[in-house]
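Trainee: Output the structure for:
(one chain, ligands or ions: 2)
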Amino acid sequence: MNMKAVVLAVATILVASQCHGSEYEFYPLELRSDGLTVHYPPEVWCPSWRLAAEAHNYINWKTVPQKCAEYVESYIQGDQYDSDSKYVNQQAYFFAKSIKRNENDVFIFSVDGTVLSNVPYYSKHGYGVNPYNATVYDAWVLKGEAPALAQTLKNYNNLLSLGFKIVFLTGRTVDKKAVTEANLKEAGFHTWEKLILKDPIAYNGQNAASYKAAERKKLTKEGWRIVGNIGDQWSDITGRNVGLRTFKLPNPMYFIA
Ligand SMILES: *[C@@H]1O[C@H](CO)[C@@H](O)[C@H](O)[C@H]1NC(C)=O
Ligand SMILES: [Mg+2]
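Mentor: Ligands and ions are numbered 1, 2, ... in the order given. Coordinates of the predicted model:
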């Protein structure tokens, strides 16, 4: 090897090693428990994970992948979560404006993650990385201190201005009625046609999707027309009687079937 070739080889090795330095972490091919291999770093893989979860392609997940903890935190705390929420709420409002409204028209909203934010809770519990703990979560709900999700509150007020009636349909159980009413009012959701909470005896063993579908069917039988249905979970907006249009707000912190 002549001198020129040696210099070139050394330079190539130096440049290559620096490319794998501080600005680009290298992750070896990883075998996950489900047999899939991951060969992208979290900043590439985690947005793919979130897109698949939001689009209902990846379902029934129990927790946020550990490697996406920081990604989910920065998504929720940064502008992206608010911007995504604004986009969805605006589409719901544009649709509402396009409708020739009747007296029996309602918009359905989920409560947690849709109108009331549980980010204060999740920020203290790993943004969905930690397994769900009903005891600790319920204690937080019972404090009644959940703030409004600002973009949904704006849309809620706009829909009221258009004359639509509001139905809150929540997986919270009936024993939480008083605290939920007080929390909604405190957060700025001052009026509603109905607040439907889950009767744990009537819906014993049924998941959120079938409970919510059954309650929507009741609404329809009572003569309400469900114009729009806004939720942060697919179980809010799938099944029967979903309404004329459904709107899925972002929620990369948990999945409810
Ligand atoms: C939930 O959290 C409480 C308090 O930290 C703990 O005592 C309990 O074991 C947890 N439950 C589960 C199922 O992890
Ligand atoms: Mg919800």
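Trainee: Which residue would be the closest one in the chain to ligand 2?
Mentor: Here the residue of the chain nearest ligand 2 is Ser110; by CB to the ion that distance is 3.5 Å. Glycine gets a C-beta too; all of them are placed from N, C-alpha and C.
Trainee: Next one: that residue from Gly171, what distance?
Mentor: Counting by CB to CB, to the nearest Å, the gap from Ser110 to Gly171 is 8 Å.
Trainee: more neighbours, those two?
Mentor: Ser110 (26 against 18; other CB atoms under 10 Å).
Trainee: Show me the beta-bridge partners of the closest residue to the more buried one other than its chain neighbours.
Mentor: Counting by CB to CB, 6 or more residues apart in numbering, Gly231 is the residue found nearest to Ser110 once chain neighbours are left out, at 3.9 Å. Judged by DSSP bridges, the bridge partners of Gly231 are Lys248.
Trainee: confidence score at Gly231?
Mentor: Gly231 is assigned 98 on the pLDDT scale.
Trainee: which strands and helices sit next to the longest helix along the chain?
Mentor: Ranked by residue count, the top helix of the chain under DSSP state H comes out as helix 79-98. Counting contacts by 3 or more CB pairs under 8 Å, 6 or more residues apart in numbering; DSSP states H and E, helix 79-98 is packed against helix 150-162, strand 225-231, strand 245-248.
Trainee: Now for the residue in the stretch 151-257 of the chain that ligand 1 sits nearest to: which residues touch it?
Mentor: As assessed by CB to the nearest ligand atom, ligand 1 sits closest to Tyr254 within the stretch 151-257 of the chain, at 14.9 Å. Listed by CB atoms under 8 Å, 6 or more residues apart in numbering, the contact set of Tyr254 reads 63-64, 122, 128, 132.
Trainee: Next one: it from Tyr127, what distance?
Mentor: In terms of CB to CB, Tyr254 sits 10 Å off from Tyr127.
Trainee: before we move on, the earlier item: surely the residue of the chain closest to ligand 2 touches Leu169?
Mentor: Yes - under the criterion of CB atoms under 8 Å, Ser110 makes contact with Leu169 at 6.5 Å.
Trainee: anything in contact with each of the two?
Mentor: Asp236.
Trainee: highest average neighbour count across the helices and strands packed on helix 79-98?
Mentor: strand 225-231 (a mean of 23; mean count of other CB atoms under 10 Å).
Trainee: low-confidence ranges in this structure?
Mentor: 1-38 (pLDDT under 70).
Trainee: go again using 90 as the cut-off
Mentor: 1-39 (pLDDT under 90).
Trainee: any idea which strand is longest in it?
Mentor: strand 165-173 (DSSP state E).
Trainee: I would like the residues contacting that strand, please.
Mentor: Contacts of strand 165-173 from elsewhere in the structure, counted by CB under 8 Å, 6+ apart, are 105-112, 115, 141, 156, 159-160, 180, 184, 189, 191-200, 208, 211-212, 215-216, 219, 224, 236, 256.
Trainee: could you check the angle strand 165-173 makes with the helix or strand immediately after it in the chain?
Mentor: Under the assignment DSSP states H and E, the closest C-terminal helix or strand after strand 165-173 is helix 177-187. Interaxial angle, helix 177-187 versus strand 165-173 (axes from the mean of the first three to the mean of the last three CA atoms, to 10 degrees): 130 degrees.
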